[in-house]
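>>> Need the 3D shape of this:
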Amino acid sequence: MDHAFPCGTLPLDFVGTLRARRNAEPLEKLAAPALLDSWFVEAGMLDAAPGADETDLAIAVDLREAVYELVADRLAGRPLSPRPVAALNRQAAGLPVALRLGPDGTTRTGSASQALTSLAREAVRILGGDEAELLRECARPECTQVYLDRSRGHRREWCAMATCGNRVKAASYRARRQGGGA
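Coordinates of the predicted model:
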């Protein structure tokens, strides 16, 4: 697999395709159209790579950044910025991925543009609905992954316990051990 899906919410996992965005050199997980194709397939949005091109990739990155900016607005309690709202709404107005029922179950087909429309529609639902209050950003300083905190008590701190949570807890443990031995 080329991609990680720690959030369980595709539009927010899509935002995470730019890792460590506050670092001097963030890690771009959508550096080529083929990586966008693989993201759609690995996410289960499409059954086969749609054959994305450079234009699709540019639109995808613009959509990702618009969603991130809107999430940041929600997290900061600011009004939603008009430019990313317009970009998100423009993409959400397109045709979504086609779902078809067949003898072997459901098939998902479509273009990169259709997959982006499906992501945009889900982002609109999250950002414009009650779940917007559940938006959080990972508490590990190096991580900028956003997620919906559906935990009991809404006290989740990490995008994923298996990665960021364990890293922070291990670092804290090492710091306590070093401090105790001095």
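>>> Where does pLDDT dip in this protein?
Scanning the chain for pLDDT under 70 picks out the ranges 158, 160-163, 165-175, 180-182.
>>> what about 80?
Across the chain, the ranges flagged by pLDDT under 80 are 1, 139-142, 144, 151, 153-177, 179-182.
>>> After the top helix by length along the chain, which helix or strand is next?
Selection of the longest helix in the chain by residue count, based on DSSP state H, yields helix 54-76. Sequence-wise, the next helix or strand downstream of helix 54-76 (DSSP states H and E) is helix 82-92.
>>> what helices or strands is that next one leaning on?
In terms of contacts (3 or more C-beta pairs under 8 Å, 6 or more residues apart in numbering; DSSP states H and E), helix 82-92 is packed against helix 54-76, helix 112-128. From N, CA and C alone the C-beta is placed, and that goes for glycine too.
>>> Let me know the angle separating that helix from helix 112-128.
130 degrees (axes from the mean of the first three to the mean of the last three C-alpha atoms, to 10 degrees).
>>> and helix 82-92, which residues are buried?
Across helix 82-92, burial judged by 16 or more other C-beta atoms under 10 Å covers 84-85, 87-88, 91-92.
>>> Could you dump those residues into CSV and include distance to Arg152?
Listed next are the buried residues of helix 82-92 as CSV, based on distance: C-beta to C-beta, whole Å:
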residue, distance to Arg152
Pro84, 32
Val85, 32
Ala87, 35
Leu88, 30
Gln91, 34
Ala92, 31
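>>> Check those and tell me the two furthest apart.
Comparing all pairs in these by C-beta to C-beta, the longest separation belongs to Pro84 and Ala92, at 12.1 Å.
>>> I would like the residues contacting stretch 76-87, please.
Applying C-beta atoms under 8 Å, 6 or more residues apart in numbering, the contact partners of stretch 76-87 are 62-63, 65-67, 69-70, 73-74, 127.
>>> That stretch: end-to-end distance?
End-to-end distance of stretch 76-87 (C-alpha to C-alpha, to the nearest Å): 20 Å.
>>> same question, stretch 144-152
In stretch 144-152, first residue to last residue: 22 Å (C-alpha to C-alpha).
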